[in-house]
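Novice: this is the structure alone, sequence omitted:
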């Protein structure tokens, strides 16, 4: 039987989009002999990574009658990022944050996340999307009200992309998480991995990283971007989602889907049941929370007894975690691991 796609039979290997190791075999179009887009393939580290994304997982990839490889992912020269890391006193987001934080703290945070200033609109901010391999996918330009911290939407939504402003032709934008470049590449047992918090808005990620400095905050950029393709670099981390008010059901449904793909992930209900309007995000309310409520947010990062058990086991032998997931050894009713079955 002749197949339209197949895994490359040569010895050539690429960096895996999940574990970043050079053990990734890409899919080839057997008619054109060209590689498909670089997310389609299989990592041969089956026990420690297990990433496999066949082209059939994306039915919109190709026309049903003729299949063509996708265009390579476009990137922007990192010199544009460096050039934008200036004039923060003129940056409206920076001005807004100075109402609540010290300038030195904000500067340190901006440098960490590679936040830029754009002259596209006076006071505009650039949220650069830099992937785990330090490739600049593009930058999202947004104008923030310096008094309220809200995005300027009148007389039109003030949002644009750097590659469009630069007039780059045939640009194939494939987004990544805002803050993805801060994710460590080295693979370690799950027990040694920190918890990464995911929010929707880039501004929320910046603000919450100023509030809770010991947690890495990243942003999807939109609620639709919460998907496997965007989260691959976080697969070996503990993940907690903080959806905007009114978005819990949608993000929790995606949480269950991601769990089946091997993610260690949970979705916070913190903003559900509040008297806030739909779309309100975490940093919108954090300034007004009392200490008890702020403690509740901090408690979201505490591990359950089951998670603590998993971490203790992973310290001794990380492969047992795969065994637990494979044979579904979590006792949901008892709130623990079926260690009797493991024995």
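Specialist: That came through fine. From a predicted model like this one, the values you see are computed outputs, not experimental measurements.

Novice: what about stretch 31-44, start to end distance?
Specialist: 24 Å (CA to CA, to the nearest Å).

Novice: residues contacting residue 76?
Specialist: Shown in contact with residue 76 (CB atoms under 8 Å, 6 or more residues apart in numbering): 136-139, 162-163, 166, 168. No exception for glycine: its C-beta is placed from N, CA and C like everyone else's.

Novice: quick check: pLDDT value at it.
Specialist: On pLDDT, residue 76 comes in at 96.

Novice: that one bridge partners, please.
Specialist: On the basis of DSSP bridges, residue 76 is bridged to residue 136.

Novice: how near is it to residue 125?
Specialist: 17 Å (CB to CB, to the nearest Å).

Novice: repeat for residue 84
Specialist: According to CB to CB, residue 84 stands 9 Å off from residue 125.

Novice: which residues in the protein form helices?
Specialist: With DSSP state H, the ranges of helices along the chain come out as 79-84, 92-97, 103-113, 162-165, 202-211, 228-231, 248-260, 282-286, 291-299, 305-316, 319-326, 339-342.

Novice: lowest average confidence across those, which one?
Specialist: With a mean of 44, helix 339-342 has the lowest mean pLDDT of those.

Novice: sorry, back to before: which of the contacts of residue 76 lies closest to residue 209?
Specialist: Taking CB to CB as the measure, residue 209 sits nearest to residue 139 out of these, at 18.4 Å.

Novice: and that closest one, how far is that from residue 166?
Specialist: Relative to residue 166, and taking CB to CB, residue 139 is found at 10 Å.

Novice: please apply the same query to residue 148.
Specialist: In this view, residue 148 and residue 166 are 30 Å apart by CB to CB.

Novice: in terms of neighbours, single out the busier of these two.
Specialist: Using other CB atoms under 10 Å as the criterion, residue 148 and residue 166 rank with residue 166 on top: 14 against 10.

Novice: show me what contacts residue 112?
Specialist: Counted by CB under 8 Å, 6+ apart, residue 112 has contacts 182, 209.
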